[in-house]
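Novice: What follows is a predicted protein model with its sequence.
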Amino acid sequence: MINSKTILLVEDNLQDEILTLRALRRANLINQIDVVRDGQQALDYLFRQGEFADREGPDLPTVVLLDIGLPRLSGLEVLERLRADTRTALLPVVILTSSDEDRDRLKSYEVGANSFVRKPVDFSEFAETVARLGLYWLATNESPPQR
C-alpha cells in the first residue's frame with residue numbers, strides 16, 4: 001500500500017511481536033517495520049547511537065508503536081525522552097500495551113502519547129486493531145513536517 005514509510009515496533013514480547021507483524025502484513029502494509037526489544041534500543045535506534053549508529057534508512061520512522069513494560073527503560077521513560085528532544089518531540093507515538101490500568105493511560109497522555117491502545121487478548125481482535133492502527137498512521141494521518 002504505502003511503502004515509503006517506516007514503523008518502529010518497540011516490543012519485548014516475542015509472541016506479541018509476531019502477532020503484530022502478521023497483522024500488519026495481512027492488512028497489506030508492505031512498509032518497512034523495524035523491531036527493537038527494549039527501551040534503550042528504541043532510543044539508540046531513534047537517535048542513531050550505539051548499535052544503530054550506522055543505521056540506514058529515514059532519520060525517523062513515520063510512527064512508533066511502543067509497549068509500556070519494557071526492559072532497561074520503560075515505554076513511558078522512552079516517551080519522556082522523545083518529547084524532551086526537539087528532533088523527536090513531534091514524532092507520532094502510539095502506546096500499544098496489555099495494560100488496562102487507568103494510571104498508565106493517563107500517564108501516557110501526560111507525557112505526550114498520540115494514542116493509547118490496549119492489545120486485545122483474542123487474536124482476531126488483536127489483528128484487526130493492529131491493522132487499523134497501521135492503516136491510520138501510514139495511510140490516513142498526515143505527520144508533522146520535518147524541522
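Specialist: Sure thing, it's come through.

Novice: how near is Ala113 to Glu56?
Specialist: 28 Å (Cβ to Cβ, to the nearest Å). For glycine as for every other residue, the C-beta is placed from the backbone atoms N, C-alpha and C.

Novice: is it true that Tyr109 touches Phe116?
Specialist: Yes - using Cβ atoms under 8 Å, Tyr109 is in contact with Phe116, at 6.6 Å.

Novice: helix, strand or coil for Pro71?
Specialist: Following DSSP: H, G, I helix; E, B strand; the rest coil, the label given to Pro71 is coil.

Novice: Check it and give its pLDDT.
Specialist: Pro71 is assigned 94 on the pLDDT scale.

Novice: Could I get the contacting residues of it?
Specialist: Counting by Cβ atoms under 8 Å, 6 or more residues apart in numbering, Pro71 touches Asp12, Arg37, Asp38, Gly39.

Novice: Quote the end-to-end distance of stretch 86-100.
Specialist: Stretch 86-100 has its terminal residues 30 Å apart, counting by Cα to Cα, to the nearest Å.
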